[in-house]
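Trainee: Would you be able to build a 3D model of this:
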Amino acid sequence: MRSSVFTSHGPTVVMPTWFCSRTWFSHVGPFDEGGQGVPEDLLLFYNHLRKGGGVVRVDRSLVLYRYHPDAATHSVLETTIWTHRVRFLEERVLPHWAAFTIWNAGRQGRRLYRSLSAGARRKVVAFCDVDENKIRKGFYCYEDSKETPKPRVPILHFRAARPPFVICVKLDLTGGEFEANLRSLNLQEGRDFLHFS
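Mentor: So this is what the prediction gives:
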């Protein structure tokens, strides 16, 4: 599965307006009308993928989207979207990986780790990064864990880490340095890594 279905920034197809035929919409099912704060577009998109739907990105404007301050979109909390994205990752990708590395020992990587279910957290064998201070520290300790002893996850340089990777680094923020590091490993997206930024 392409990373583009997991990201909210970068090479995403989730956030732009998307469309399908009426027949396919009927097959996928209706919007979740659970009320204010339900990310109905995202949930429909995930159902589309669960039913075998594909995605093709068109890099030109085909529709106009009306945006205004009172739009229902503003009632959906970022934490709600994050929770659905993590659960979809756990449903669609992590069952196929016996173990994985989170690429980013910083805030976003640690947030993903803490958001995972206990079973998925146990599959995290390492964090990787380029920040020498984080690498020198040697590990991340999950202090809020109820486990005894508290989980301690190694922090490695990205070249010492092993795929598959869940990458929690936003693209186009490092002047191409991150992208060059990733390319240098000759990995295949969807098999060896996916973006979750």
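Trainee: Kindly provide the whole-number mean pLDDT of stretch 129-148.
Mentor: Averaging pLDDT along stretch 129-148 yields 94.
Trainee: next one: stretch 96-111
Mentor: Taken as a whole, stretch 96-111 has an average pLDDT of 97.
Trainee: now the helices for the chain?
Mentor: 22-28, 40-50, 78-92, 107-115, 118-121, 132-137, 177-184 (DSSP state H).
Trainee: Now do the third one against helix 107-115, angle only.
Mentor: If you take axes from the mean of the first three to the mean of the last three Cα atoms, to 10 degrees, helix 78-92 sits at 70 degrees to helix 107-115.
Trainee: check contacts around the nearest residue to residue 97 once chain neighbours are set aside.
Mentor: Excluding the flanking residues, the one nearest residue 97 by Cβ to Cβ, 6 or more residues apart in numbering is residue 164, at 5.3 Å. Every C-beta, even on glycine, is put in place using the N, C-alpha and C of the backbone. For residue 164, the contacting residues are 97, 100, 101, 191, 192, 193, 194, by Cβ atoms under 8 Å, 6 or more residues apart in numbering.
Trainee: Could you report the separation of residue 164 from residue 82?
Mentor: 21 Å (Cβ to Cβ, to the nearest Å).
Trainee: show me the residues around residue 112 that make contact.
Mentor: Applying Cβ under 8 Å, 6+ apart to residue 112 gives the contacts 86, 102, 166, 168, 196.
Trainee: Closest one to residue 33 out of those, please.
Mentor: residue 86 (23.2 Å; Cβ to Cβ).
Trainee: where does the closest residue to that closest one other than its chain neighbours land on pLDDT?
Mentor: Using Cβ to Cβ, 6+ apart and skipping residues adjacent in sequence, the residue nearest residue 86 is residue 115, 4.7 Å away. At residue 115, the pLDDT value in this model is 97.
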